[in-house]
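K.L.:
Structure for the following, please:
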Amino acid sequence: MTLRSDVLAAIDADPGEFADRLAALADERDLDAASFPEEPDHPGDRSEREATLVDRVRAFDDAPLGLTLTGPAYRDTPIVYVNRWFRDWTGYEFDELRGRNPRLFQAPDVDDEVRADFREALSTWSRVTVDVRNRRRDGVPFANRVTLRPLFGDAGTVTHWVAAQEPEPIEGSNAGGE
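P.N.:
Have a look, this model is predicted:
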């Protein structure tokens, strides 16, 4: 399995399994930074479930993979949390992202088929992986493989979505930086 699929599975694991999966990933993938936050920092408007999901994504703040946790699609999938690695990669501060839709990353020339794939996944509560052209805060484009996964609550409905992003430089550009 890939780092992306392993991390997404850990975030979506049963409560008793998360710590074990996190420890196994840290060991197998040499993710020294992977650790469960000891001091949660949550605004008062978060549900217990959302706070738990944020803590799980925060555990992978420095993993070499972008992670975005959003709310439900019926609320326009507002960003709840973006891990530090992806914020550093894209140049955004968390305060600029919270509450906004992740399409703010999309370049204006995103393929209509990619947009349709996202819409279909959101409406059918299914996973999808797409290659999309995005832009960092400074406008520099990058190719991004995004896997979007629904997170189901106790009632069997989607309460949140988690996305894993693996940005790669666009051929012929200096988009990847140093």
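
K.L.:
Would you indicate which residues of stretch 95-110 are buried?
P.N.:
Within stretch 95-110, the residues scored as buried using 16 or more other Cβ atoms under 10 Å are 97, 102, 105-106, 110. From N, CA and C alone the C-beta is placed, and that goes for glycine too.

K.L.:
my bad, should have said stretch 2-19
P.N.:
In stretch 2-19, counting by 16+ other Cβ under 10 Å, buried: 3-4, 6-8, 10-12, 18.

K.L.:
Can you tell me which of those residues is nearest Asp61?
P.N.:
Val7 (11.6 Å; Cβ to Cβ).

K.L.:
got a pLDDT number for that closest one?
P.N.:
What the model reports as pLDDT for Val7 is 95.

K.L.:
try Gly71
P.N.:
pLDDT at Gly71 comes out at 94.

K.L.:
which secondary structure elements does the longest helix along the chain contact?
P.N.:
Determined from DSSP state H, the single longest helix within the chain is helix 112-124. In this structure, helix 112-124 makes packing contacts with strand 128-135, strand 141-152, judged by 3 or more Cβ pairs under 8 Å, 6 or more residues apart in numbering; DSSP states H and E.

K.L.:
Tell me which residues are up against the shortest one.
P.N.:
If you take Cβ atoms under 8 Å, 6 or more residues apart in numbering as the criterion, strand 128-135 is touched by 90, 105-107, 109-111, 114, 117-118, 120-121, 141-148, 167, 170.

K.L.:
Got a PyMOL select line for the buried ones in the residues you listed?
P.N.:
Filtering these down to the buried ones (16+ other Cβ under 10 Å) takes a single PyMOL command:
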select buried, resi 90+105+106+110+114+117+118+121+142+143+144+146+147+148+167+170
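
K.L.:
before we move on, the earlier item: quick check: angle from the longest helix of the chain to strand 141-152?
P.N.:
Put simply, helix 112-124 runs at 10 degrees to strand 141-152, going by axes from the mean of the first three to the mean of the last three Cα atoms, to 10 degrees.

K.L.:
distance between helix 112-124 and the chain's centre?
P.N.:
From the chain centre to the centre of helix 112-124 is a distance of 17 Å (Cα atoms, centre = their mean, to the nearest Å).

K.L.:
what about dumping the CA coordinates of that helix to CSV?
P.N.:
Once non-C-alpha atoms are left out, helix 112-124 reads as follows in CSV (Å, rounded to 0.1, in the frame of the first residue of the first chain):
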residue,chain,number,x,y,z
ASP,A,112,-13.9,19.6,-16.4
GLU,A,113,-13.7,15.8,-16.1
VAL,A,114,-11.7,16.2,-12.8
ARG,A,115,-14.3,18.6,-11.5
ALA,A,116,-17.0,16.1,-12.5
ASP,A,117,-15.2,13.3,-10.7
PHE,A,118,-15.1,15.3,-7.5
ARG,A,119,-18.8,16.2,-7.7
GLU,A,120,-19.7,12.6,-8.3
ALA,A,121,-17.7,11.3,-5.4
LEU,A,122,-19.2,14.0,-3.1
SER,A,123,-22.8,13.2,-4.2
THR,A,124,-22.4,9.4,-4.0
